[in-house]
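1. got a structure for you, letters missing:
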């Protein structure tokens, strides 16, 4: 395969339109139909349910239309401007810190020759492996008023903006690393050789080659993190103290006061940054050029001693922090009673004693994760491919892209409730899905769609459109190019998406909490309920079970990845 | 190589996916089960389930358990097509919200006459029946209090002392029913004007308003804060596990709320739901509740004191506790609360 790419083929032109057009156009129409189907799927799984909930923002409790009265009432509350301010402050600072850390971390694992890059890449995913409850508890154990490292805060309280930002950076970090790594993983060695030949120093090369090449990835990561932090409720709830943000406002309205109308108002406000980021995304995309052209030679980083050492030290510090948080949670699950009886015990792992379900929720979670990973990855990648590779048809592509961005801006609480309103309606022909495992799978695929979509798009963007053009001119059908070129080239990203879906499905709570049933109870929900009942240690134990499971699957994933990579990614190595 | 083969990948995938998704939807079993929504504590679920099923072998309970707010919100959201057959162990005030939406069936369970008046929906056709009560309490961490030199508070008024400044946490009434229960109780105990004055004073000593009713007690149990305003149950659980907690029922009276049972209107298992409502009101069921709570709905069950449970809860509970009036004023009270204390950390603007 690799040799084929080296041919310097002219882009297909309408030199022989009679021969090429029919095939291309039939395929194009097929792809457009595919895109249409995808749009329909996203409409049903995100747009319409969301609309069903958000339209309540202009209704009163009885469902009659009252215009903007709810908005007016909400804006009249002086606490709002504060929540808004707080949300922005937290999100901007959190995004800046996360991006900074994640960029250098991703840079180190893709562009340096430091040892243990694979291990560091795996460690970056740690925060994803745990239900949010776990690091919440761990941060309290570490930095709370009884915390081991309380003195680090120098008298400041972890409960408040410091805690929120620490927690949010912890959670957002793997998302950012995942997207930026994808962006940095593919690069054209020849550009660096050219820079070298032109006597550009390392700094100049960085700013003129490296950074432009991953701009799209970094920008997407920025938007993703900003939106994640902006809409996240779990961290502020656990560790935010009285520092109110928009996401806690929505919780107060919906869960505290059952005011769906006000909840819808805030839900709508939470969508604002996504719409902005969508616009910004359109602008950056226009300027992005694919870095891996058909003639590209994959970059192989060369050892640079000082840089490699710095990279290693940097990654080590971060990895130690990530492991430390998890280690604290693990410790919390084996002590008798924090912080007053620190003798060790395994009794918290005896789940049979807690609740009726024993290990059932665990198997349910595993099933949900497997289905979500398989179907989610298939839908996301095929979808991203269609969005990226169809020529023309701009409106539909933009529409799909916007739909794909929506889930990120939708807090789980809003998504879960909107699924009730939409799928539970007796008038909905899809009503039969309600109260099944399927609805949980669909909900989870949707909930985490955006990051997967962006990862897939980032990977695809780095592939030169020339691949398709060449295939088309060689009369190779699109699906064959897709299977023989696109998928193998993007395999690392595809595997990343699958594992991302898997671990998120294992740990998710906020949306599925509204639509699980007695027979589809999930482990993470069980953990939350157990903590609710005052049994934090057992909750830690359940959380750790999830972590270990995710870590094992992640290990298998790495193994599979290595095997696949060895077989399909040989082209990445120049020597081949 | 041509037309027919070059079927676009996306279509195939989407088709397969849809088929597969529909496929495993259809395999969901349709056994005759009672879907029971609840906010009972996790550890109580197997006990209650077994007891009911032993008495009614024809039925099987399938729980959907969550915190009070989530379960209530979910029930409300499912209003168009209720999934629950019955509700067993949800705050009566939540059931009142559902009742207002016309979501509950009226039913007088067998043994209704033996239920205390305070635990009854007093209308001609009651839609809910109380099970047991839980009242607000102060969780006091003796170890941390000693370190900080804090005396043990005996009354709500004690908490106003400057010595407690920054050492108290309580639930935010906007997020938590327990928080609202406290506020409503203070307004009833001290009267409207003095109640707000009391909260003004308390606000100065409050470190943080938390978003859950049990969290203040758990935080106290873990030593994060020495004093948490919460309710007895989480304190008892923690104390049994070895937390250095003292559970204090303030002598000037405590607000309370009850767990209750109801039948969801439109259930396809009306007989089963009724059997559940009947069972929930039996003396046996009340004895079972007594394993976790001290104040029971039945007049004829002699309540024992569960291990480590504070005494005299029923005596201190404010009576009458005007649920209806408080529910009617809820929005106004919360708005006032939000105006006064909504931004603890924030510069006063």
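-> Here it is on my side, so go on. Given the structure is predicted, the values throughout are model-derived calculations rather than measurements. Residues are numbered from 1 along each chain as shown, chains lettered A, B, ... in the order given.
2. quick one: contacts of stretch B:105-119?
-> Under the criterion CB atoms under 8 Å, 6 or more residues apart in numbering or on different chains, residues B:120, B:125-127, B:129-131, B:133, B:258, B:260-265, B:267, B:270, B:273-274, B:277-278, B:280-283, B:297-300, B:319-321 lie in contact with stretch B:105-119. Heads up, the C-betas are built off the backbone N, CA and C, glycines and all.
3. repeat the analysis, applying 7 Å as the threshold.
-> By CB atoms under 7 Å, 6 or more residues apart in numbering or on different chains, the residues outside stretch B:105-119 that reach it are B:125-127, B:129-130, B:258, B:263, B:265, B:274, B:277-278, B:281-282, B:297-300, B:319.
4. what's the burial count for residue B:242?
-> Using other CB atoms under 10 Å in any protein chain shown, residue B:242 has 12 other residues around it.
5. please name the bridge partners of the nearest residue to it once chain neighbours are set aside.
-> In space, and not counting its chain neighbours, residue B:242 is closest to residue A:337: 4.5 Å by CB to CB, 6 or more residues apart in numbering or on different chains. Going by DSSP bridges, residue A:337 is paired in beta bridges with residue A:341.
6. count the neighbours of residue A:337 for me.
-> Residue A:337: 18 neighbours (other CB under 10 Å).
7. around chain A, pick out the residues from the stretch 151-300 of chain B.
-> B:174-176, B:208-209, B:211, B:214, B:218, B:222-225, B:234, B:237-238, B:241-244 (CB under 7 Å from any CB of the partner chain).
8. can you say which of the residues you listed are buried?
-> Buried by 16 or more other CB atoms under 10 Å in any protein chain shown: B:174-176, B:208-209, B:211, B:214, B:218, B:222-225, B:234, B:237-238, B:241, B:243-244, out of those.
9. of the contacts of stretch B:105-119, select the buried ones using a PyMOL command.
-> Command for PyMOL, covering only those of the contacts of stretch B:105-119 found buried under the criterion 16+ other CB under 10 Å:
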select buried, chain B and resi 126+127+129+130+258+263+265+274+277+278+281+282+297+298
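10. mind listing what residue B:163 touches?
-> By CB under 7 Å, 6+ apart, residue B:163 lies in contact with residue B:150.
11. and it, backbone torsions?
-> Main-chain dihedrals, residue B:163, degrees, to the nearest 10: phi -60, psi -20.
12. same thing with residue B:230?
-> The phi/psi pair for residue B:230 (degrees, to the nearest 10) is phi -150, psi -140.
13. count of neighbours near the nearest residue to residue A:349 once chain neighbours are set aside?
-> Distance criterion CB to CB, 6+ apart; nearest residue to residue A:349, sequence neighbours excluded, is residue A:541 at 4.7 Å. Residues lying near residue A:541 (other CB under 10 Å) number 24.
14. just to be sure, residue A:541 is in a strand?
-> No - looking at residue A:541 with DSSP: H, G, I helix; E, B strand; the rest coil, it is helix, so not inside a strand.
15. hang on, the earlier thing: so which of the contacts of stretch B:105-119 are in helices?
-> Applying DSSP state H to these, the entries found in helices are B:274, B:277-278.
16. can you redo these as TSV with pLDDT and distance to residue A:296?
-> Shown next, in TSV, are the ones in helices among the contacts of stretch B:105-119 (pLDDT from 0 to 100; distance: CB to CB, whole Å):
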residue	pLDDT	distance to residue A:296
B:274	96	72
B:277	97	71
B:278	97	75
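17. so which of those residues is the closest to chain A?
-> Looking at the ones in helices among the contacts of stretch B:105-119 and their distance to chain A, the nearest is residue B:277, at 18.7 Å (CB to the nearest CB).
18. list the contacts of that closest one.
-> Residue B:277 sits in contact with B:86, B:107, B:109, B:129, B:261, B:263, where contact means CB under 7 Å, 6+ apart.
19. for the first one, the count of nearby residues, please.
-> Residue crowding around residue B:86 was assessed by other CB under 10 Å; the count is 27.
20. identify the bridge partners of it.
-> residue B:36, residue B:263.
21. which residues does the residue nearest to residue B:242 contact?
-> Contacts of residue A:337 (CB under 7 Å, 6+ apart): A:537, B:241-243.
22. what about the helix or strand containing residue B:139, distance to the chain center?
-> If you go by DSSP states H and E, residue B:139 is part of strand B:128-141. Relative to the centre of its chain, strand B:128-141 is centred 9 Å away, using CA atoms, centre = their mean, to the nearest Å.
23. what are the buried residues along stretch A:386-400?
-> A:386-390, A:393, A:396-397, A:399-400.
24. I'd like the mean pLDDT over it, please.
-> If you average the pLDDT over stretch A:386-400, you get 83.
25. okay, the most centrally placed residue in chain A: pLDDT?
-> Among the residues of chain A, the one closest to the centroid is residue A:451, at 3.5 Å (CA atoms, centre = their mean). You'll see residue A:451 listed with a pLDDT of 86.
26. ok, it touching residue A:175?
-> Yes - if you go by CB atoms under 7 Å, residue A:451 and residue A:175 touch, sitting 5.5 Å apart.
27. please enumerate the shared neighbours of these two.
-> Contact criterion CB under 7 Å, 6+ apart; residues shared by residue A:451 and residue A:175: residue A:224.
28. which parts of chain B are helices?
-> Taking DSSP H as the test, the helices found in chain B are B:9-26, B:44-55, B:68-77, B:92-100, B:142-148, B:177-190, B:192-205, B:215-221, B:232-241, B:270-280, B:283-289, B:313-316, B:323-341.
29. what's the closest of those to residue A:466?
-> Evaluated over the helices of chain B, closeness to residue A:466 peaks at helix B:9-26, with 19.5 Å, by CB to CB.
30. now that closest one: mean pLDDT?
-> Per-residue pLDDT over helix B:9-26 has a mean of 45.
31. how about the residue in the stretch 251-400 of chain A that chain B sits nearest to: what's its closest non-neighbour residue?
-> Distances between the stretch 251-400 of chain A and chain B by CB to the nearest CB are smallest at residue A:255, namely 3.6 Å. Excluding its sequence neighbours, the residue lying closest to residue A:255 (CB to CB, 6+ apart) is residue B:69, at 3.6 Å.
32. what does residue A:165 give?
-> In space, and not counting its chain neighbours, residue A:165 is closest to residue A:94: 5.1 Å by CB to CB, 6+ apart.
33. any low-confidence regions in chain A?
-> Applying pLDDT under 70 to chain A flags the ranges A:1-24, A:281-282, A:284-294, A:353-356, A:568-576.
34. if we go to 50?
-> Flagging of chain A using pLDDT under 50 yields the residue ranges A:1-23, A:575-576.
35. wait, residue B:287 sits on residue B:301?
-> Yes - under the criterion of CB under 7 Å, residue B:287 makes contact with residue B:301 at 6.0 Å.
36. quick one on the thing from earlier: which single one of the ones in helices among the contacts of stretch B:105-119 is nearest to residue A:58?
-> Nearest member of the ones in helices among the contacts of stretch B:105-119 to residue A:58, counting by CB to CB, is residue B:277, at 38.8 Å.
37. I'd like to know how many residues surround whichever residue of the stretch 51-200 of chain B sits closest to chain A.
-> Proximity of the stretch 51-200 of chain B to chain A (CB to the nearest CB) peaks at residue B:62, 3.0 Å away. When neighbours are counted by other CB under 10 Å, residue B:62 registers 17.
38. relative to residue B:288, how far out is it?
-> Applying CB to CB, to the nearest Å, the value for residue B:62 to residue B:288 is 19 Å.
39. likewise residue B:222?
-> Relative to residue B:288, residue B:222 is positioned 29 Å away (CB to CB).
40. same deal with residue A:306?
-> On the measure of CB to CB, residue A:306 and residue B:288 end up 70 Å apart.
41. please say which of these two ends up with more neighbours.
-> Between residue A:306 and residue B:288, counted using other CB under 10 Å, residue B:288 has the larger neighbour count: 21 against 7.
42. residue contacts, that one?
-> Residue B:288 is in contact with B:47-48, B:51, counting by CB under 7 Å, 6+ apart.
43. so which of the residues you listed is the most crowded?
-> When neighbours are counted by other CB under 10 Å, residue B:48 leads those with 23 neighbours.
44. nothing else from me, thank you.
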